[in-house]
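Enquirer: Task: produce atomic coordinates for the following.
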Amino acid sequence: MMKAFIVYCHPSEDSFTRNVRDAFIKGITDSGNEYVLSDLYKDHFKTDMTEEEYLRDAYYRNTPEVAEDVLAEQAKINASDAIVFIYPVFWSEAPAKLVGWFDRVWSYGFAYGEKTMKTLEKGLILCSAGNPLERLEQTGILDSMKKVMLVDRLSDRVRQAEFIVFENTSRENELREKNWEKYLRIAYKKGKEYF
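Expert: This is a model prediction of the structure:
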C-alpha cells in the first residue's frame, strides 16, 4: 500500500478542477491505496512569508523556529510516497496560494540545504487550463510551467514526475463539456494506476 499527499488549490468548489480532484481520489481509494489532502483555500493556509521566515531562509539558517502549519505540511510529505498537485492555471502559473505554499513549505533545512525532506517516489501535476494546449505550446507557456514545477520545485525531490494539462476548461468553452468525462476518466485512471 502506498500513500499520496495531495496539495489541492482552487478557490471554488464549483469548478472543473474540484471534479478532477474527486476523480483522482476515487481512483486512489479504488486501488486500495491511501491519500492525505491539503485543501489550501479551505484550510486557510497562510501563504505570505513572515520576515522571520524570509531571514531564516535568506541566511540559510537551519534553526528549529518553523511555524506549526509549515511543520504539519512537511510531516505530510515525509509520511507519503508521492506528492500530487491539483490546481487551475492562473496567468500561466499556479494560483498565488500554491506559490506561497512552496515559499513557506520548501524551507531551508527541509527541501534544500541540509535536507530532511525524503525523496518521494513520484510527483504528479494535474492542472486545468482555459487555453488550448496548442497555444500553450506555441507561446512557450507550457514549457515554462513544466520547468517551474518539474525542474525547480520537484527537481530531485521526486524520483519520477509527470505533468498533465486538461486544456480548454474555461466555463465559456464548448470543449469543456465535450471533454469533461474524458478528462475525469484520465484523472481517475491516474489515481488508480499511479502507484
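Enquirer: for the record, mean pLDDT for stretch 53-71?
Expert: Mean pLDDT, stretch 53-71: 94.
Enquirer: Give me the pLDDT value at the residue minimising distance to the centre of the chain.
Expert: The residue lying closest to the centre of the chain (CA atoms, centre = their mean) is Phe85, at 1.8 Å. Here the pLDDT value assigned to Phe85 is 98.
Enquirer: Spell out the secondary structure type for it.
Expert: strand (DSSP: H, G, I helix; E, B strand; the rest coil).
Enquirer: Could you check how far it is from Val20?
Expert: For Phe85, the distance to Val20 equals 11 Å [CB to CB, to the nearest Å]. Glycine gets a C-beta too; all of them are placed from N, C-alpha and C.
Enquirer: low-confidence ranges in this protein?
Expert: 173 (pLDDT under 70).
Enquirer: All the strands of it, in order from the start?
Expert: Here the chain has its strands, by DSSP state E, at 3-8, 34-39, 82-88, 120-128, 158-166.
Enquirer: list the helices and strands the first one packs on?
Expert: This means strand 3-8. Contacts defined by 3 or more CB pairs under 8 Å, 6 or more residues apart in numbering; DSSP states H and E place strand 3-8 against helix 16-30, strand 34-39, strand 82-88.
Enquirer: before we move on, what about the second one?
Expert: Using 3+ CB pairs under 8 Å, 6+ apart, the elements in contact with strand 34-39 are strand 3-8, helix 16-30, helix 68-78.
Enquirer: Of all the residues in it, which ones are buried?
Expert: Neighbour-count burial for strand 34-39, counted by 16 or more other CB atoms under 10 Å, picks out Glu34, Tyr35, Leu37, Ser38, Asp39.
Enquirer: so how far is stretch 147-156 off the chain centroid?
Expert: Distance of stretch 147-156 from its chain centroid, counting by CA atoms, centre = their mean, to the nearest Å, is 11 Å.
Enquirer: I should have written stretch 73-87 there, sorry.
Expert: Chain-centre distance of stretch 73-87: 9 Å, with CA atoms, centre = their mean.
Enquirer: Equivalent analysis for stretch 186-195, please.
Expert: Offset of stretch 186-195 from its chain centre (CA atoms, centre = their mean): 15 Å.
Enquirer: With stretch 169-185 instead?
Expert: 21 Å.
Enquirer: Grab the nearest non-local neighbour of Gln156.
Expert: Rather than Gln, residue 156 is Asp. The shortest distance from Asp156 to any non-neighbouring residue, by CB to CB, 6 or more residues apart in numbering, is to Thr119 (7.0 Å).
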